[in-house]
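S.K.: Quick check, what structure comes out for this input:
(chains A and B)
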Number of protein chains: 2
Amino acid sequence: MALHGEMLVGSSARRGTSGSLRGFDPSTGEKLDPAYGGATAQDVQEACRLAAEAFDTYRETSIEERARFLEAIAQNILDIGDELVVRCMAESGLPRGRLEGERGRTVGQLRLFAEVLRDGGFLDLRIDPAQPERKPLARVDLRLRNIAVGPVAVFGASNFPLAFSVAGGDTASALAAGCPVVAKAHSAHPGTSEFVGRAVQKAVADCGLPEGVFSLIFDSGYEAGQALVADPHIAAVGFTGSRRGGMALIKIAQSRPEPIPVYAEMSSINPVVLFPGALAARGADIGKAFIASLTLGSGQFCTNPGLVLAVEGKGLDAFVDAAASALQEAPAGTMLTPGIHAAYSEGVEALSKHARVKTLARGLTGGPYQGQAGLFSTTASDFLKDPALQAEVFGATGLVVRCADETELRQVLEKLEGQLTAALHLEASDHESVRRLLPLLERRVGRILVNGFGTGVEVGHAMVHGGPFPATSDGRTTSVGSLAIRRFLRPVSYQDLPQDLLPASLRDDNPLGLSRRLDGKLVQP
Amino acid sequence: MALHGEMLVGSSARRGTSGSLRGFDPSTGEKLDPAYGGATAQDVQEACRLAAEAFDTYRETSIEERARFLEAIAQNILDIGDELVVRCMAESGLPRGRLEGERGRTVGQLRLFAEVLRDGGFLDLRIDPAQPERKPLARVDLRLRNIAVGPVAVFGASNFPLAFSVAGGDTASALAAGCPVVAKAHSAHPGTSEFVGRAVQKAVADCGLPEGVFSLIFDSGYEAGQALVADPHIAAVGFTGSRRGGMALIKIAQSRPEPIPVYAEMSSINPVVLFPGALAARGADIGKAFIASLTLGSGQFCTNPGLVLAVEGKGLDAFVDAAASALQEAPAGTMLTPGIHAAYSEGVEALSKHARVKTLARGLTGGPYQGQAGLFSTTASDFLKDPALQAEVFGATGLVVRCADETELRQVLEKLEGQLTAALHLEASDHESVRRLLPLLERRVGRILVNGFGTGVEVGHAMVHGGPFPATSDGRTTSVGSLAIRRFLRPVSYQDLPQDLLPASLRDDNPLGLSRRLDGKLVQP
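M.R.: Numbers count the residues shown, from 1 in each chain, chains lettered A, B, ... in the order given. Modelled structure (predicted):
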């Protein structure tokens, strides 16, 4: 497959004419061919109009048709072959192993949503049968199902160029829900985006679906993306990126004549809490493991453990010594884009010059777009004095906050903004302290994990990759895992509809064989 | 039980000092004793602080404890006895039968949520067990449950002084979810609010719950309500009322340092679509039934059928003639407040003077706060020219839109804003036309009903009382029925937690005996 530098509007492909953009290899500093053109306002309108035209047909495809479509996308992505991985390596600076794994995750995610569809639980089917004899008023027949919300705009993330981009988690869950998708490619990986976009476009055609089910646009600045969120045909937005970017889209979405939800995954420093028992038993080992997690993928994960909290003591000293030693050996890693590298360098610079922050160690230096890891420390009382110390530094940098006692540790957690994850390192002797802290952590984060780090995000049914603001714009949702489909569904109730006008899923004879709630009680077929 | 004119802050009761307000009997024009005082900023802060302090304890009460608490509230409301109905009649101008029914609905709603709790489905429990042998990476153990979002602010509605006020649907679903509630009484029924608030306050004490689980404040203007939505302890807002009021609260909620969701049910004109077969078979009968529904409770329902759409023909003429005759006989009905009456009169006046609108009939005139029913008509092409004709006129007034053909009828529906309900009148011969229209209606409304009117809102499991903006601020939700609980829940994921640190609902031995999804498959105990 060759790259043509083209956006995909429905079944067509064409070069955009609003400015231009190119891939960039952060490991060599070279611009990559081909050039891409940004979408014009007309391109955006056309993609959204096609999506709206496709909506009623697409959302009423059968569960099996939609499941097969998702599986076809997965297969088409695999069929691109090694070219996809090679291009993605060039555009992201990420290593082969990581990207092969990420491709597997992307494909697995699409297949997971095919399973979710076949299960049917996402429809939340409910039937409250009529009670004509009820006094004083007869009860009507009421039936409920979820339907898709409408066309969804998806903004690809830079740090997961496959798993959270053109055919990533947002797209997979929106398509599964029955929503056409207009994807806005991240400008850091246009070639990867075109490859994957064509795989989706081909699946649309192969499955005989309306062309508007999927479009892919490029943006040479911010205008096309902004127009996409403002387009009256768009019903919801999925976004993964910076807090500034997310908040800008939310503002546009809320200012529309008909406001729409934006599911933005934005900013998190993912506290790691080290309990005394664990520190005493294996402080140094945790220190080494922490640095391995902190520096993984140059720290460019939403769930990167950027903050360590622990009570003063010998165990914490051992942790810090081991962590500092390990960090000093950490090679500089190529960062995704020059912009991300520059922001990282600024963030680290600010920490290293902060009057109340001590530099514990710096990693090895590297090339022009490589990030030098950093480990810093401060005290809880100093941390509490400066909210700026909570700002996310996207990259391999961590801040250890030394607390005088459990009360102070608790104060720091109370002051933290919403987070994606909290990681707890503990032994059996710590359980009592942990139990006291869990309610507070539940209020602050979407995922609590024990004796590990949050950087691995399993794509399953019980995953929450979300959390209170500003971790995400909607802490009631997750963007990873099967529950992500719920973001793109809304319930509709049908009262006294004749059987032949009801959706098949709600008919008396249950022709699709799905689980339903009958008068509130779950009935399996 | 006597009224003391007091707000309830946790377990205390006291007269507010920020301005004053009184109940008003719209049927006699008399002000009612006692006087109430508005809450100060300090009162609001204290109520919210108590709610936040109660939150962790209250949300972790057992399912059975919380269910019994809801049942205790229900019983305490009944125990107030006839005084409650008498006071509510005086404050609302609504008749005894309606309010006795509404009390039954309020109590039934609380008991329904007790059932929902005992079912356990609201927790959405999921377990993805560890797979230590998985290659290339071992799979962690992941478990998910829903927890309560935090303290909820509830704004009572004027038109359902019992069922959608202090202990109405929003409060019942928030308390069921595990959220403490700070209720802002509607100033149209302060006495009713105090009665019901004391019933809830007593249930909190009787059940041994922390006092902050419930507070009730009064507001002599808008300041206390605004401060409530802005308070950092408040995590979500439930509101039923005008579009202007809802939008004002949404703006405050979005401007907070940590934005929060507002579930506002605001504005709907509830289209009624009359199909040719039905009109031919029983146009006149439908006309009479329509007027009965339009004028019910002086038209003061969110689901009042304010718009009729049909294709020109003899059937439509018969409908219009019968409806106009019936409306002329409709007595003027006492409206809830002088403000609502004034807004209604203005709205009707604007319609009757509109150059493109014809007055078909007016109802009987009445007293100073009684609304005179109205029936108007226009053509589809005129309707399409003026978006102002879509504005809700809250009261017993309807507009018939005469369409040249099905295409024009479709155009009108395409132009409509989001609605709570659409009512279809049809015969078997209409099914083909209906089938063509259903996808469009599903996009526009939360509930589609056949051969009836939307004014009865059944409180069950399959009810959706919601709909796309501006019917509600969040079309993915319902404010009536058991699904309303989902508005106040968010998922939390637990990774590799030792059994004794897990919530009971997620332990291996399933001590609560609840349904859970195991690797995505639903397993019933």
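S.K.: Can you give me every residue that contacts the one residue sitting closest to the centre of chain A?
M.R.: Centroid-nearest residue in chain A: residue A:479, 4.7 Å away (criterion: Cα atoms, centre = their mean). Applying Cβ atoms under 8 Å, 6 or more residues apart in numbering or on different chains to residue A:479 gives the contacts A:164, A:169-170, A:173, A:238, A:240, A:263, A:265, A:465-466, A:472, A:487. (Each C-beta comes from the backbone N, C-alpha and C, glycine too.)
S.K.: try residue A:279
M.R.: A:286, A:310, A:313, A:315-316, A:318-319, A:425.
S.K.: switch to 7 Å and redo it
M.R.: Applying Cβ atoms under 7 Å, 6 or more residues apart in numbering or on different chains to residue A:279 gives the contacts A:310, A:313, A:315-316, A:319.
S.K.: follow-up on the earlier one: for the residue nearest to the centre of chain A, helix, strand, or coil?
M.R.: Classification of residue A:479 by DSSP: H, G, I helix; E, B strand; the rest coil places it in coil.
S.K.: Phi, psi for it please.
M.R.: Residue A:479 adopts backbone torsions of phi -100, psi -10, taken as degrees, to the nearest 10.
S.K.: Repeat that for residue A:395.
M.R.: phi 150, psi -170.
S.K.: what's the pLDDT at residue A:122?
M.R.: Confidence at residue A:122, expressed as pLDDT, is 98.
S.K.: I'd like to know how far it sits from residue A:113.
M.R.: Plainly put, residue A:122 is 9 Å away from residue A:113 if you go by Cβ to Cβ, to the nearest Å.
S.K.: More neighbours: those two, which one.
M.R.: The neighbour count for residue A:122 versus residue A:113, taken as other Cβ atoms under 10 Å in any protein chain shown, is higher for residue A:113 (29 against 22).
S.K.: So out of everything in the stretch 201-350 of chain A, what residue is nearest chain B?
M.R.: residue A:258 (4.9 Å; Cβ to the nearest Cβ).
S.K.: got the contact list for that residue?
M.R.: residue B:469.
S.K.: try 10 Å
M.R.: Contact analysis of residue A:258 by Cβ atoms under 10 Å, 6 or more residues apart in numbering or on different chains lists A:232, A:234-235, B:417-418, B:468-470, B:475.
S.K.: mind giving me CSV with those residues and columns for neighbour count and secondary structure?
M.R.: Formatted as CSV, those follow (neighbours: other Cβ atoms under 10 Å in any protein chain shown; DSSP: H, G, I helix; E, B strand; the rest coil):
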residue, neighbour count, secondary structure
A:232, 13, coil
A:234, 27, coil
A:235, 26, coil
B:417, 19, coil
B:418, 20, coil
B:468, 24, coil
B:469, 19, coil
B:470, 23, coil
B:475, 27, coil
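S.K.: quick check, residue A:65 in a helix?
M.R.: Yes: if the criterion is three-state DSSP, then residue A:65 is within a helix.
S.K.: Number of residues surrounding it?
M.R.: Residue A:65, neighbours per other Cβ under 10 Å, totals 14.
S.K.: Also residue A:267?
M.R.: 24.
S.K.: Just the pLDDT for the nearest residue to it once chain neighbours are set aside.
M.R.: Once flanking residues are discounted, residue A:267 sits nearest to residue A:243: 4.2 Å by Cβ to Cβ, 6 or more residues apart in numbering or on different chains. Per-residue pLDDT puts residue A:243 at 94.
S.K.: ok, now which ones touch residue A:243?
M.R.: Counting by Cβ under 10 Å, 6+ apart, residue A:243 makes contact with A:264, A:266-268, A:391-392, A:417, A:469-471, A:473.
S.K.: before we move on, what about residue A:372?
M.R.: Residues in contact with residue A:372, defined by Cβ under 10 Å, 6+ apart, are A:330-333, A:344-345, A:348, A:362-366, A:395-397.
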